[in-house]
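Quick one: sequence plus predicted model below, questions after.
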Amino acid sequence: MSFVSDTYHVAKKAHRCYLCGGAIKIGARYNKRVGVHDGDFWSIHMHTFCSDVAHKEYDMDSWMNHDEWEFRELLANHERARAASL
């Protein structure tokens, strides 16, 4: 990977989360990551919570090749743990 930019935005239009597949609604804060890999430009959008979970659970290479259903299960476990700690 030769270039990566990792920024946070407020959605002006709807997007789809790369990690969980869920909708990122207008007005929601999200993480946008863009980069170049092997000469190809790529751009992804992620819920901030999904991005936080991915940073905790995966290294850079493995989360780019994640399984959406497995990630949803991992996300549900993190949401349950977060709810239990409140």
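Good, I have the coordinates.

Start from the N-terminal end of the chain and give the strands.
All strands of the chain, identified by DSSP state E, fall at 3-10, 15-16, 23-24, 29-37, 40-47.

what stretches of the protein score poorly on pLDDT?
Per-residue confidence of the chain (counting by pLDDT under 70) places the weak regions at 1-3, 60-65.

Determine the longest helix present in it.
Longest helix in the chain, counting residues (DSSP state H): helix 68-84.

Show me how far that one is from its chain's centre.
The chain centroid and the centroid of helix 68-84 are separated by 13 Å under C-alpha atoms, centre = their mean, to the nearest Å.

Using PDB, list the CA coordinates for it.
This file holds the C-alpha atoms of helix 68-84, laid out as PDB (Å, rounded to 0.1, in the frame of the first residue of the first chain):
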ATOM      1  CA  GLU A  68     -19.000  -9.100   6.300                       C
ATOM      2  CA  TRP A  69     -21.100 -11.700   8.200                       C
ATOM      3  CA  GLU A  70     -18.200 -12.500  10.600                       C
ATOM      4  CA  PHE A  71     -17.700  -8.700  11.100                       C
ATOM      5  CA  ARG A  72     -21.400  -8.200  11.900                       C
ATOM      6  CA  GLU A  73     -21.100 -10.900  14.600                       C
ATOM      7  CA  LEU A  74     -17.900  -9.300  16.000                       C
ATOM      8  CA  LEU A  75     -19.700  -5.900  16.000                       C
ATOM      9  CA  ALA A  76     -22.700  -7.400  17.900                       C
ATOM     10  CA  ASN A  77     -20.300  -8.700  20.500                       C
ATOM     11  CA  HIS A  78     -18.700  -5.300  20.900                       C
ATOM     12  CA  GLU A  79     -22.100  -3.600  21.100                       C
ATOM     13  CA  ARG A  80     -23.200  -6.000  23.800                       C
ATOM     14  CA  ALA A  81     -20.000  -5.400  25.800                       C
ATOM     15  CA  ARG A  82     -20.400  -1.700  25.400                       C
ATOM     16  CA  ALA A  83     -24.000  -1.800  26.600                       C
ATOM     17  CA  ALA A  84     -23.100  -4.000  29.600                       C
END
